[in-house]
Each structure stands twice: as structure tokens, then as C-alpha cells.
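Novice: task: produce atomic coordinates for the following.
(2 chains)
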Amino acid sequence: MTGWFRGRAAKALLAGLLGVILGGCQALLPGFQGACGDPAGSCLLRVNVTRQAFYAHRPWQPEPTVSVSSVGAVLTDGRVLVSAETVADHRFVELEKIDTGEKCRAVVAAVDYEADLALVVCPAPGFMAGLGGVDLASEILPKDRLEVMQVQPGGRVIATSATVETVELADYPYGNRFLVYRLNGSVHDRHGNLTLPVLHGGRLAGLLRPDGSQGQTLEMTPALLVAHFLSDMADGRYDGFPISGIRTVPADDPQLRRWAGLPPDGRGVLIENLLPGSPADQAAIRPGDVLVAIDDHLVDSRGYYMDPRLGRIEIAHLIRCGYQAGDAVKFTLRRQGRPVDVLVRLDHLESEAYLVPPYRHDRPPRYYVLNGLVLQELSVPFLRDFGGDWRVNAPIHLLHYYENQYTLRRPAGERIVILNAVLPTWATIGYEQISSAVVERINGRPIHRLDDVPPALETPVKGFHRLEIDQPPFRIYLDAASRAAVDKEVRQRYNLPRLFHLDP
Amino acid sequence: MEGSRDAAVVIMKRLVVWLVLLMGTVSPATAQPLDMAQVRQALVRINVISQRPNYAVPWSPGDILSGTGSGFLIARNRILTNAHVVSDARMIVLEKDGDPRRYEARVEFIAHDCDLALLAVDDPQFFSDTRPLRLGGVPALNSTVAVVGYPIGGERLSVTRGVVSRIDFQTYSHSGVDAHLAIQIDAPINPGNSGGPVLQDQSVVGVAFQVFAAQTAQNVGYMIPTPVIQRFLGDVADGVYDRYVDLGIYSFPLINPVLRRAVGLAPGHDGVLVAGVMRASATHGVLQPEDVLLAIDGLPIFADGYVLMDGERVLLNEVVERKFRGDTVRFDILRQGQPRRVEVPLNNPWPYLMQARRYGVRPRYVIWAGIVFQSLGHDFMLSAQTRDVNLLYHYSQFLTRDLYLERPEVVVIGKILTDPANRYFSEFRHRIVASVDGRPVRSLEELKALLDAPVDPHVIGLLGSGRPLVVDAREAAASRGRMAAEYGILEDAHLLDGIVPRDWAAQGGAP
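Specialist: Got it, this is the predicted structure:
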């Protein structure tokens, strides 16, 4: 039972569904200003959230509720920008005026868990009256002085100045890399707010990130990402930041270049591997190809290009922020020395498209309890539930799937189905120690996702349901005739609200 | 795995309620006082200078260590001690209590899988006033035993007392992968006690060898009981130590009523399930998954994997533990509901050794263009201290997922010795080598042969990567002299001491 009662991981803050638009609020504010003027607090609202997620290893079991808050920035159309982490797994969201404390029950209008951005709106008419909206700052460069907006519990607004030091790519949640502005400055007390708006000349420069801020260095999600987030949904549909699906390694080694037929011009980065089913994979790009240019942007041997405004920066920024999902982009390659042009239709890849989905928010986990055998799909939240040091503590065969998603050629949409644990009953006596076993087949039919389980159970073999798993005893037999009775018993004995949850 | 190995024992432990075994001779619970004069005539203090290979510098001679242990005469010129006391020894010097002289000893037989060794002394003077101790049986639970030895490096012998707390299968930490019968006692056992006799009624009932090293338990010491000692002496009787043999199967208790019915076991009948059969095992092709083992050598097998042997309940592997290389066991089985009798040959499935601590061997390596290619194994992993998922996967799943079928020897880039030939390779440390010049690499020998071939440039493919290591022939040749001059490397390879049997390697995989 070790797999069962182990401590829950430091809860991944975050998991979630991309781009759910619950209804826009496009009307301009009555007091539209375009900039956050004086008092500066007029464009700020506190966003209070009560959230509740589920234990990844006891998927029917909700975690205790947690209350968090952030300071959001009111945009000129009245929507309130805040980090996605703030609203992840929300059960209740409210907006609160920082001076009067007046509150409005709000809804999440859009969220992007990868870029960590969300929009919250107040449907009550009149609540937003008197508030100002803020425009996005157009161009923030190193050496610019910005103002981090802190809000004290009493409503007093304190602007702390911070200077832009560097602009580079950094790790965002769930293995994403996006642009980050590193600021020199310090915010001595966030007063419990996860994220704070950062202004420049009364315009929104970005959101101060909750993590990554150490000592005198603060990290900011820049307005550039916010602009992409907003323009993506302008057509009424949110697609998400696009990816190509390539993973690159430097091609600066002269021996490698000679062998690959590359001139010694310092151009071109080597594609080490590709995510199966990704746009680059669909465009028939191959591992070993050398990427020389994306549209008109030359790529150097370490995978950087010259951005007209930001300077030398990783191509991941160009791919993710320079285009929208669905854009066709020319990748100029060298394949075995010969130049090849490929048109790649960049697209956003949803969490569910990965072999091991990186996150899942705002919805209960999927599971299927079969006679007390708890079947689930492998995901990063599932792995994180092995504890803070999950990259070491999780079972190695499961980590192996996670680490090798780029090289295991599994069809898109396929998952690893795990027999996570056994809820003991007399029907499963002798099986109770099995945990973290991969389910390969049921009644001879391959299991590629949890959805394959119910149809496979329709055809028992010789009166048994036969599950093939990847560890001893390698097969489990259940009595087909008594399945319903045992299911009922499991449900009653362990007080399960339901035996399965297969909603996407 | 059924038998004497760690992986197996983990599985068995998880599934079987541990029962205390009481076996062999049962001694009276009231022990006679120890005749120390007689013990002195058999006991030796063993001083050892050993040399442990350093897997981070595989071409180096290794680190020189000194240690002490205990041992005792069991016959004329046969001194029994632990294998771990004399492993990798370069010099062994014996002392006797009350005798100021020193005697050089040599290892006659060493068994790393059961942590026992026999030493011999060439100096005839050593034998004056010596008398061997007699081997006894298995002491009773709760009976008193005395541990004699030279703990914590002391010059004079020490005696401690305790009672027999438990008798069961235990992992022998010297190899880390073998498990045999062991007796737990509550007498303090300390470093230096290793190899010393545990006595009861003037007879040896065990060899003190390891302690439970955890904060949760204190005064938990273990000794190797006489059935294991007798098997070792029996194995070496022909002049060669052949190691333990193993069934190489995964067994599973037939507790679940539906599982019992599915494999055709009638109500009231007993037996264990063959869940899987290792490809490297001699059992492969004889036993099949879903066979039910009903009896071993005529002894009925209970549903939990135990048999009744000499009047005591013991795990069925105890039957196999007493066998030797070339022996067979007879199983009564049920296959698809039909009773059968099969004769199962026994071998020692070699892939176990990948996860074993190894002694008396040098690290295998090939150094080419400053790249140190090494063989994945326990000692390599210990020195590499890596969390690399692919390395850990290949290491820990080597047996259970039959990874040895595709890669009998997993060739890893252990190190990059910076050199003009490999300037851009540093990030590829700890990657697994998949191919050279398009040909799969299944051993260091294959790797070396491919790299020695006149191909320019050589292209080394890494597992899971589209970025190969490309080395021009000219660069590789030039690096050779630099390796000697700058890193002091005189031998560019050590290809002895492998674990893959020659016939396995020659047939390119499963025999």
C-alpha cells in the first residue's frame, strides 16, 4: 500500500485547461483613461480566489480548500489581468476594490496555464464604474525604470521602482520557456499577493511573477506575452501559444558541421528530436536536420536569432510569440548538407496531446475503479504526487515515459494507463501490493487510454476479465459475472462518490 | 525472482507473510559456558591491505585501503572468514592471540554471493598450537550465542553474548543482490567482528557478517548460518567455486480465488503461479508463464510459496539454495489444467550481476578520442552519482524488462577527458551509446572493434538523440598520444572482467 497513502506532493500550483472563454466583457469602461493615472490604485483590483484541487493519487478525493489572492490590473475593456496560477482550480473568484473593499463575484473569462495569464471579469453592472483601465506598455527595454504596485491590506498603494536588467527566456510552469524580464529591485512585502502588476509610465509593463524572485532580482511576465494572449482571443476563440515541437542542440562543433555538410558560418542549430504528432513532425522534419532560418530570421548555431527589438534571443521566443496558432511558417533546413524548405503550420498543443500531460486544472482527474483496481492515466500531476523530490522518488519506469516523450514514438493522444493501487476487498485479496503497474491489455485488447477500458470489459474471456500489466504477476483475473456486485461493494465500503470519471 | 536474489526477495517479501523458519539441528536453549582456551586456538585477527578500483578513474590502479577482520580455523589450513574482509586484497596478514608473530595468508576460495572465503597459510609455524573449531547446526530461537572476534580493530579478542532473535532470508549486503538464510542476533556486532565465529556449546553456529544499519533498529546483528557455510564448503570441494544457482522465475502466491480458478487450480489444492520466466534463465523454455508449481522435488508447495522441509516451513527457494551448478529440480506442475512433471536445469542467470557490487575485477572501459566509455553496473552507478532517468531506467529495469536482450552490456559515456577531439561533447556525459557508424553497439568489445575500423569520420550515435558525436580520424589518432601525455593513460581499454557469458555474446543475444 505504499503507493497509496504516501504524502501528497507539494501541490503543483497549477494545472489546467487552456482557453476557456466564458463570455467576454468587451465594453469600454466608463472612466476609460488608457493609463493608470493618479491615484495609481484606480486601475488595480484585488483578485481573491478559493481553490480546491484533487489528490492525484486518490482522484475522487478533493484536497482542502485554499484561499489565495493577487493584485490584478484592470485593462481598458474592463477585464482584469492576473496570473493563471491565481485562478487555477478555482471554486470561487471575486474582485475586490482596494480602497473600499467592495466585492464582486467574478468569472474567469480566459486562462493560459502555460504563459501563466488569466482574465477575470465582473458581470455585475456598475461595479467597474470609477475604475480606470490600463493600456499595455509598448516597448520595455533594459535600463527602463518600472514601478511594482504593492497594495497594503488597508488599500494603500505603494509603488516600488525596479530597473530592467536582462530580457531572456526562462522556465515557466509545465516545462514551457517564455520571455522573462529580470528586474533589479526588491519588494519587501507582497502582503500575501501571488502576483503584482508592474507599470511603466502609467501603462502595464507586466506581472511580477511569484517565483524566481531572489534577493534583489525580480522576474516579470512581460506585456509582450499579454499582448499575444489578448490578440489570440480577439477572434472570439482562444488557441494558445503555438509550438513547433522541435528540441534543438547547438551545432557549433566543427567536426559535426563538416559531417553534416554545413559551412563554417556559425549558422544553423541541430534538431535533436521532435515531439510525435507536433507541427514539425507533421511537416516531416527529422532528427538530425539543421534549422538555418525561420521565415527571414537567421538562426545561429546555438539556436538564437536577432530580434529587432530585443536583440539576440532564443528561437523559442520567435516561435511562441512571433506567430499565432495556425500560421504557416517557413523553416529553412539543411538535410544531409542539402538545403530544404519546409512549411510548418505552427499550432498550440494542448496538455492532453502529450503522452504524459503536463497539467490538468479546473476539472477532476480521470479514473476508473474496476473491482477496487484504481486505473488512471500517467500525467505530471500524478508524478508530482510522489513528493517534492518526485523526479527521484517516482517509479523509474513512469519517469522513463515522462523523460522520453520526444523519442518514444507513440501516436498523439495515446496515454499510459496505470493500475495505481488496489482498494482491497475479498475479490482482490492477494493483489493489494500491486501499484504503479502499467496496464497493457484488457481481455486481449490494447489499452491506450482510459477510454479503452469500458469497451474492453464488454468482452470477457471464458468468464474472466484478464488484465495484462507490466510487473508481477503480469496478469490479473477478475470474475466477470460478479463484477457488478464487487463494484457495488467497493463503492459502499470505501464511500466512493463514483466509480469512474472519464470526462475529458 | 525465485531464489537467492534481491529482486526476487523483494517480490516474495511483499507477498508472503514472513514466518520464522526453524530448521536443522535444534540445540538446547541453555548454553554451556564457552571454553575460551579452545576458541583462542582457532581464532585469527586478519589485517588486510586492499585495493578498490575507482570507477571514476577506471584506468587507475585503485585506492589502497586497510582493514581488519576476524577468522577461524575450521580444518587444518582452512581459515573461514567473510568474503568482504579479504575482497580485493593485496596483502593479508594473520595474527593469533598471544603470538607476536605475523603470518601471510592467501585466499583459496572466495564466494561473493554468500560473503564467505577460505584462507590458507604457507608458513608451517602458524599451525603450532592451533585447533580447528567444529561446525554445528542451526541454533534454536531465543537460545544464547557468543560472538568472538576483534571488533573495532582491537588487538585482543572480544566476546559478546546475545540471543537468536530471528531466522529468515536476508539480503547479503556484500554483493547487494543475493539473499540467503541469515540469523539475526541481539549481540553487538561491530566492524572487525566480521568473519568471526558465533558459538554455542563449543560449536560454530554462524559467521558474524553484517548489521542492520538504520536508525529504526539497534543491536540487530546478522550471522551466516551453517547451512550456507556447508553449501559453500560443498561447492568448493571440486576445487572451483561455482556460485549459487537460481530458477530465474517470477513466482506469485495463489491467494486470490479468481486467479486460482483462472489457472485451473481446483478448490483445496495448493501451489504458486509462475508469473514470468527470465530469458537468461535455464528455466526458460521449460517452465511457462501461468504454469502452477505444485511440488518441488516431491515436496508440496503451499499457496504462499512455502514447502515443508525437514519438518519446517521454508520458502521453496531453500530447496534450490542447497543445489549446485549442473543439478536439476523436479517440479510437478499444472499447465492449462493438466498435471505434468518437468525436470528443470539450474544456472545462474548472469544479468543479476549488473546490479551486484563486484570484487576482484577491474572496471571495463574503452578510451577513445578522450571519451571514456564504460559499462553500466552497480559500481559505475555508485561513482557516477547520477539521477539521469535513462541510466537509472536501464540500470534498475535491466532484469525485469529483459533489457539485456537488446543491450547485454549497456555502454555509457562515463566521462569526457577534455581534448581537442571532443571539445564540444561535455554535455553528453552519461548518455548511452546506441551505435557507431550506423552499427548497433551491444558491448565494449563491439564498440572498440567499430572504432578501430578505418572509417573517417566515426559517428557515435546516442540513445534518443539526433545529435551524434562525430570525430575525424585524424583527431582521434592525435588524441591517443595526448591521453598518455596529459592524463597518464597507458592502456586505452580494459576488456576483461565482463559479466556477459561468451556464448551469449557470440550468439548475439538470447541462446
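
Novice: can you pull out the strands in the stretch 151-300 of chain A?
Specialist: Assigned by DSSP state E, counting those that start in this stretch, the stretch 151-300 of chain A shows strands spanning A:157-172, A:176-184, A:196-200, A:203-208, A:217-222, A:246-249, A:269-274, A:290-294, A:297-298.

Novice: contacts for the second one?
Specialist: Spelled out, it's strand A:176-184. Applying Cβ atoms under 8 Å, 6 or more residues apart in numbering or on different chains, the external contacts of strand A:176-184 come out as A:114-115, A:140, A:146, A:148, A:162-172, A:198, A:205-206, A:208-209, A:212, A:216-222, A:224-225, A:241, A:310, A:313-314, A:316-317, A:320-321. Any C-beta I mention is one placed from the backbone N, CA and C, and that applies to glycine too.

Novice: let's see it at 6 Å
Specialist: A:114-115, A:162-167, A:169-170, A:172, A:216-220, A:222, A:224-225, A:316-317 (Cβ atoms under 6 Å, 6 or more residues apart in numbering or on different chains).

Novice: name the nearest residue to the closest residue to chain B within the stretch 251-400 of chain A, sequence neighbours excluded.
Specialist: Proximity of the stretch 251-400 of chain A to chain B (Cβ to the nearest Cβ) peaks at A:Pro287, 2.7 Å away. Using Cβ to Cβ, 6 or more residues apart in numbering or on different chains and skipping the chain neighbours, the partner closest in space to A:Pro287 is B:Gly466 (2.7 Å).

Novice: what residues does the stretch 401-504 of chain A put near chain B?
Specialist: Proximity of the stretch 401-504 of chain A to chain B is confined to A:403, A:407, A:429-430, A:433, A:464, A:472-474, A:477, A:479 under the rule Cβ under 6 Å from any Cβ of the partner chain.

Novice: save these as JSON lines, and put in neighbour count, pLDDT and secondary structure too.
Specialist: Putting those into JSON lines (neighbours: other Cβ atoms under 10 Å in any protein chain shown; pLDDT from 0 to 100; DSSP: H, G, I helix; E, B strand; the rest coil) gives the following:
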{"residue": "A:Glu403", "neighbour count": "19", "pLDDT": "94", "secondary structure": "helix"}
{"residue": "A:Thr407", "neighbour count": "19", "pLDDT": "89", "secondary structure": "coil"}
{"residue": "A:Ile429", "neighbour count": "14", "pLDDT": "93", "secondary structure": "coil"}
{"residue": "A:Gly430", "neighbour count": "23", "pLDDT": "93", "secondary structure": "coil"}
{"residue": "A:Gln433", "neighbour count": "16", "pLDDT": "91", "secondary structure": "coil"}
{"residue": "A:Phe464", "neighbour count": "19", "pLDDT": "97", "secondary structure": "strand"}
{"residue": "A:Pro472", "neighbour count": "23", "pLDDT": "91", "secondary structure": "coil"}
{"residue": "A:Pro473", "neighbour count": "26", "pLDDT": "94", "secondary structure": "coil"}
{"residue": "A:Phe474", "neighbour count": "19", "pLDDT": "96", "secondary structure": "coil"}
{"residue": "A:Tyr477", "neighbour count": "22", "pLDDT": "96", "secondary structure": "strand"}
{"residue": "A:Asp479", "neighbour count": "18", "pLDDT": "97", "secondary structure": "strand"}
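
Novice: nearest to B:Asp168, of these?
Specialist: B:Asp168 has its nearest neighbour among those in A:Gln433, at 18.5 Å by Cβ to Cβ.

Novice: ok, the closest one to B:Ser143 distance?
Specialist: 34 Å (Cβ to Cβ, to the nearest Å).

Novice: do the same with B:Ala37
Specialist: Relative to B:Ser143, and taking Cβ to Cβ, B:Ala37 is found at 23 Å.

Novice: of these two, who's got more company?
Specialist: B:Ser143 (18 against 8; other Cβ atoms under 10 Å in any protein chain shown).

Novice: the more buried one contacts B:Val164, correct?
Specialist: Yes: taking contacts as Cβ atoms under 6 Å, B:Ser143 lies within contact range of B:Val164: 5.4 Å.

Novice: so what sits against both of these two?
Specialist: Common neighbours of B:Ser143 and B:Val164 (Cβ under 6 Å, 6+ apart) do not exist.

Novice: dihedrals phi and psi, A:Asp327?
Specialist: Backbone geometry at A:Asp327, expressed as degrees, to the nearest 10, gives phi -70, psi 140.

Novice: quick check: it touching A:His348?
Specialist: No: in this structure A:Asp327 lies outside contact range of A:His348 using Cβ under 6 Å: 11.1 Å.

Novice: nearest to B:Gln355, out of the strands of the stretch 151-300 of chain A?
Specialist: Minimum separation from B:Gln355 across the strands of the stretch 151-300 of chain A (Cβ to Cβ) falls at strand A:269-274, 29.1 Å.

Novice: do the closest one and chain B meet?
Specialist: Yes: contact between strand A:269-274 and chain B is present through A:270, A:272-273 (criterion: Cβ under 6 Å from any Cβ).

Novice: most neighbours, which of those?
Specialist: Using other Cβ under 10 Å as the neighbour test, the residues of strand A:269-274 next to chain B are led by A:Leu270, with 28 neighbours.

Novice: for that residue, give the beta-bridge partners.
Specialist: A:Val249, A:Val290 (DSSP bridges).

Novice: got the residues of chain B near chain A?
Specialist: B:11, B:14, B:250, B:252, B:255-256, B:258-259, B:262, B:275-276, B:387, B:389, B:392-393, B:396, B:424, B:457, B:464-467, B:470, B:472.

Novice: pull out the buried residues from these.
Specialist: Buried residues within the residues of chain B next to chain A, counting neighbours by 16 or more other Cβ atoms under 10 Å in any protein chain shown: B:11, B:250, B:252, B:255-256, B:258-259, B:262, B:275-276, B:389, B:392-393, B:396, B:424, B:457, B:464-467, B:470, B:472.

Novice: just for chain B, where's the confidence low?
Specialist: By pLDDT under 70, the weakly predicted segments of chain B are B:1-32, B:153, B:213-218, B:505-511.

Novice: no further questions, thank you.
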